[in-house]
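Peer 1: here is my input, please return the structure:
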Amino acid sequence: MKAIRRFTVRPVLPEPLRPLSDLARNLRWSWHTETQQLFQAADPEGWRPADADPVRLLGAVSAARLAELAGDQHFMRQLTEVSENLREYLGGPRWYQDQLSQGAELPAAIAYFSPEFGVTAALPQYSGGLGILAGDHLKAASDLGVPLIGVGLLYRHGYFRQSLSRDGWQQEHYPVLDPNELPLTLLREADSTPSRVVLALPGGRSLYACVWQAQVGRVPLLLLDSDVEENAPGERDVTDRLYGGGSDHRLLQEMLLGIGGVRAVRTYCRLTGHAVPEVFHTNEGHAGFLGLERIRELSETGLDFDAALEVVRAGTVFTTHTPVPAGIDRFERQLVARHFGDDGELPGVGVERILRLGMETYPGGEPDLFNMAVMGLRLAQRANGVSTLHGAVSREMFSGLWPGFDPSEVPITSVTNGVHAPTWVAPEVLRLGAGTFGSERAENALAGAEVGGETGADAGTAGTPRRWDAVARVPDQDIWELRRGLREQLVTEVRRRLYASWRRRGAGTAELGWIDDVLDPDVLTIGFARRVPSYKRLTLMLHDRDRLRELLLHPTHPIQIVVAGKAHPADDGGKRLVQELVRFADDPRVRHRIVFLPDYGMGMAQKLYPGCDVWLNNPLRPLEACGTSGMKAALNGCLNLSVRDGWWDEWFEPDFGWAIPTADGSATDEERRDELEAGALYALLEDRVAPRFYDRNAEGLPERWIEMVRRTLVTLGPKVLAGRMVREYVERLYAPAALSRRALEPAAARELAAWKTRIRAAWPQVAVDHVEASADTVVGGSAELGSTLALRVRIALGGLDPEDVEVQVVAGRVDSGDAIAEAQTFPLKPAGGHDLEDRWLYEGPLALDRTGPYGYTVRVLPSHRLLASGAELGLVAVPNASTGDGGGVLLR
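Peer 2: Numbering: from 1, shown residues only. The predicted model follows:
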């Protein structure tokens, strides 16, 4: 029989055990080993590391066991120590506070918006890399003491759980999550009533949401939940599933995240006294509407739309995570228009102004679509990609928003992602480090709280902190025993999960005896786990199945492969790839050497990364924005075997693994490209990877392999930390954004908005009229290295003042089409007044400091002290063909 009502009965802890509740509800336990050990001691049978949940565990412990623990002196000492450690962690100064004490000008607080957060398997609000990255961002911010507030949605069904049918087809299941059984607290007003966020919908309807709070160390995470009684059934389902539903459903989710999220932050700060954020960071375009809500707030203080827009832009950071236009949310303009204006949200803000923010005004854009990434870029003065290569791809992809500028000058920088090592490093690896240089220093190094900041005795070689250099002193035997032990743990985990999967597929116990022989802890183990869009090429390894079988079954150098991944529920193409891989792995000839594990998530990943010897990644380059799974594997001593895409493109070294050659420059046919790159993958495995793993010395140790493991831990480890990433965000993006925001008091905001309006109106009349160079420097089309050109340029300013612009000479080597490469810019200075036609004279030298084909041109850019870059307005004036005898002249 089914219950007619469901509710949660909370345990009543004895007074001495009350600190357990605080420990369970602060998600720091998910990356703090001592806290995990405490809960394991409380209920050794109930604690399962793969899906650990202290809140659920405390709810299941019997009253008798709680009374026993309250009288256990050893347990109580352990509880006191762990509780005191958390208190110190939450209240003590950390890196951010140290920077403030040294005079750094940093934001009072930052609001970080993301559609998903992967903090722990006990709070399943993530689908893949974007959410895991967001969770790691919060954890690293907490470790560093960064005053961040996370903002997202609480999905009552989370993302789907994956299983397989008998024939290997992916099946989705959506469990119902009860917030009262999760590590969450309901945000309440002073009178104890639940706080509410309200959005206006068309037709006089309203969308209500309550706000749940998760505590991620020092960082509060606010999650908006539409499943409240005030809502009609349709509105209650807005936060039902992550990435579910049609366009209208997704639009409402993103309005609630962006607009409702800002209102939730305001409520939280009002109730708790938390510092009000000066900087708003939107992690992908899903939360882009947050800028519109802040414009509405400012308009109520008397600022007009343009001035409010400047204030919002100054304090906003936008991070793009997709290298392909298809990965961006785009809505029909009419759908967006219907939800805003006098009959929807943001009354008083012109709908056309809103629609223009998301309009694809560049060549090839679709004017009837509203692009969330385009709006995100227009509402943020600072933007970044998530690896060096992805930054370049993003500048190219969005260059149409800055016409007249080369992609290299598009104002999108990059901050390469990192991973939160205390979450992803196996306890055994941590113990190896602790045995070498102490547990506290090992944990600090993993957290990244001080990496790069050591001086004196703590400064290692080549910029590597000495605490990481200490890994070099670990004996080969210890490293190899560690790797073998982790591989053995993975084998056990794989067999358990594989057995459970086959049972769900309908197999009887009598036909599953073969699972006891699946995988071998002494065989080279390769991992491949990620989402399953087509560009990640799950089945590239199957391109030549006979050759793969030979690798799997090699008599002396066999390999074994563990595969996991989910296809989007609406992606039948991805599901077919999963089925293809599963059917190959079901073959009795190879099923002991290759497995597919369904329901890939954080719990599985924390066993998979440490247990693999090699991490495989073979996306279509350059479609992988970053790809952090290989970073997590590397922190456990796993070597990477990857296409040079994402982070691997900038940090690959032969000491850390192998680069799969790509055919992107020679093969236009996708099938031919797959053939070439699969062949390169097989060759690497046959000729280099497997032979090195099995090449043993007299003691039976693979010396060269162990040395690669050691170099990966010592040299690559510090680079891939989320602590390094968050410090970069603080120093390169958050701090400048806060300073820009502080500079835009109302009068300054109005002045900047009026200046931009004046510049845009006059710009069609701005022109480079004439360019001339000293005639004696260039003789016969060539000049000598070290000589100097004296340039004189006449500029028509169209009524603008010289202070409104910067005139630059752009120079560098030129290619056969006279395009300037590796360009350098040099300012030219006004020389005297203007003539009757309002033309101004500018002069300056150009030193010829490099040999070979060389050229220059002249351009005019808007210039203002409050602009973040000269390209910000997307306006530039350059010479035309009749400018004169210098514009674009080629020097050889």
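
Peer 1: could you use CA atoms for every contact and neighbour count after this?
Peer 2: Will do.

Peer 1: low-confidence ranges in the stretch 351-500 of the chain?
Peer 2: Across the stretch 351-500 of the chain, the ranges flagged by pLDDT under 70 are 433-468.

Peer 1: tell me where the stretch 101-250 of the chain has helices.
Peer 2: Per DSSP state H, counting those that start in this stretch, the stretch 101-250 of the chain carries helices over the ranges 129-144, 233-236, 247-255.

Peer 1: so what touches the last one?
Peer 2: Same thing as helix 247-255. Residues outside helix 247-255 that contact it (CA atoms under 8 Å, 6 or more residues apart in numbering): 238-239, 243-244, 286-289, 331, 335-336.

Peer 1: now that helix: average pLDDT?
Peer 2: Helix 247-255 shows a mean pLDDT of 96.

Peer 1: hang on, the earlier thing: could you single out the most deeply buried of the helices of the stretch 101-250 of the chain?
Peer 2: The highest mean neighbour count among the helices of the stretch 101-250 of the chain, using mean count of other CA atoms under 10 Å, belongs to helix 129-144: a mean of 25.

Peer 1: just the residues contacting that helix, thanks.
Peer 2: So helix 129-144 is contacted by 28, 94-96, 114-119, 125-126, 147-148, 150, 216-219, 283, 321, 417-420, 447-449, 627-628, 722-723, 726 (CA under 8 Å, 6+ apart).

Peer 1: can you rerun that using 7 Å?
Peer 2: 94-96, 114, 116-119, 126, 148, 216-219, 419-420, 447, 449, 722-723, 726 (CA atoms under 7 Å, 6 or more residues apart in numbering).

Peer 1: so what does the helix or strand harbouring residue 527 touch, helix or strand wise?
Peer 2: Residue 527 is part of strand 524-529, with elements assigned from DSSP states H and E. Counting contacts by 3 or more CA pairs under 7 Å, 6 or more residues apart in numbering; DSSP states H and E, strand 524-529 packs against strand 559-564, strand 614-617.

Peer 1: what's the closest of those to residue 593?
Peer 2: strand 559-564 (4.6 Å; CA to CA).

Peer 1: tell me which of the helices of the stretch 101-250 of the chain sits nearest to residue 546.
Peer 2: Among those, helix 129-144 sits nearest to residue 546 (CA to CA), with 32.4 Å.

Peer 1: centre of the chain to the closest one, how far?
Peer 2: 9 Å (CA atoms, centre = their mean, to the nearest Å).

Peer 1: and the residue positioned nearest the centre of the chain, how far is that from residue 626?
Peer 2: With distances taken as CA atoms, centre = their mean, residue 133 lies nearest the centre of the chain, 4.6 Å away. For residue 133, the distance to residue 626 (CA to CA, to the nearest Å) stands at 10 Å.

Peer 1: Three-state assignment for the closest residue to residue 749 other than its chain neighbours, please.
Peer 2: Here the nearest residue to residue 749 in space, its sequence neighbours aside, is residue 307; by CA to CA, 6 or more residues apart in numbering that works out to 5.0 Å. Following DSSP: H, G, I helix; E, B strand; the rest coil, we place residue 307 in the helix state.

Peer 1: tell me how far residue 307 lies from residue 750.
Peer 2: Per CA to CA, residue 307 is found 5 Å from residue 750.

Peer 1: quick one: residues contacting the residue lying closest to residue 792 once chain neighbours are set aside.
Peer 2: Leaving out its chain neighbours, the residue that sits closest to residue 792 by CA to CA, 6+ apart is residue 843, at 4.6 Å. The contact partners of residue 843, by CA under 7 Å, 6+ apart, come to 791-793, 828-831.

Peer 1: nearest to residue 573, out of these: which one, please.
Peer 2: Taking CA to CA as the measure, residue 573 lies nearest residue 828 of those, at 56.3 Å.

Peer 1: my read is that the closest one contacts residue 842, right?
Peer 2: Yes. Using CA atoms under 7 Å, residue 828 makes contact with residue 842 at a distance of 5.8 Å.

Peer 1: on that earlier part again, of residue 307 and residue 750, who's got more company?
Peer 2: residue 307 (24 against 20; other CA atoms under 10 Å).

Peer 1: tell me the contacts of that one?
Peer 2: By CA under 7 Å, 6+ apart, the residues touching residue 307 are 749-750, 753.

Peer 1: now, which of those residues sits nearest residue 669?
Peer 2: Set against residue 669, the nearest of these by CA to CA is residue 753 (49.1 Å).

Peer 1: now for the closest one, how many residues are close by?
Peer 2: 19.

Peer 1: and if you look at the one 5 residues further on?
Peer 2: Neighbours of residue 758 under the rule other CA under 10 Å: 14.

Peer 1: from residue 59, how far out is the closest residue to residue 56 other than its chain neighbours?
Peer 2: Among residues not flanking residue 56 along the chain, residue 181 sits closest, at 6.7 Å (CA to CA, 6+ apart). Distance of residue 181 to residue 59, given as CA to CA: 9 Å.

Peer 1: okay, now the unreliable bits of the stretch 151-300 of the chain?
Peer 2: Along the stretch 151-300 of the chain, segments meeting pLDDT under 70 are nowhere present.

Peer 1: scratch that, the stretch 701-850 of the chain is what I was asking about
Peer 2: Those would be 775-780, 836, if you go by pLDDT under 70 across the stretch 701-850 of the chain.

Peer 1: assign residue 810 to helix, strand or coil.
Peer 2: Under three-state DSSP, residue 810 falls in the strand class.

Peer 1: next one: residue 621
Peer 2: When classified by three-state DSSP, residue 621 comes out as coil.

Peer 1: distance from the chain centre to stretch 715-733, please.
Peer 2: 12 Å.

Peer 1: just the endpoints, please. Distance across that stretch?
Peer 2: OK, stretch 715-733 end separation, CA to CA: 26 Å.

Peer 1: list the buried residues of that stretch.
Peer 2: 715-727, 729-730, 733 (16 or more other CA atoms under 10 Å).

Peer 1: inside helices: which ones of these?
Peer 2: When these are checked against helices (DSSP state H), the matches are 722-727.

Peer 1: adding distance to residue 706, write the residues you listed out as JSON lines.
Peer 2: Output for those, formatted as JSON lines (distance: CA to CA, whole Å):
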{"residue": "722", "distance to residue 706": "25"}
{"residue": "723", "distance to residue 706": "27"}
{"residue": "724", "distance to residue 706": "26"}
{"residue": "725", "distance to residue 706": "28"}
{"residue": "726", "distance to residue 706": "31"}
{"residue": "727", "distance to residue 706": "31"}
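
Peer 1: what's the neighbour count on residue 52?
Peer 2: Counted with other CA under 10 Å, residues neighbouring residue 52 total 20.

Peer 1: ok, now which ones touch it?
Peer 2: residue 122.

Peer 1: how near is it to residue 63?
Peer 2: Relative to residue 63, and taking CA to CA, residue 52 is found at 20 Å.

Peer 1: again with residue 188
Peer 2: 30 Å.

Peer 1: what of residue 399?
Peer 2: For residue 399, the distance to residue 63 equals 64 Å [CA to CA].
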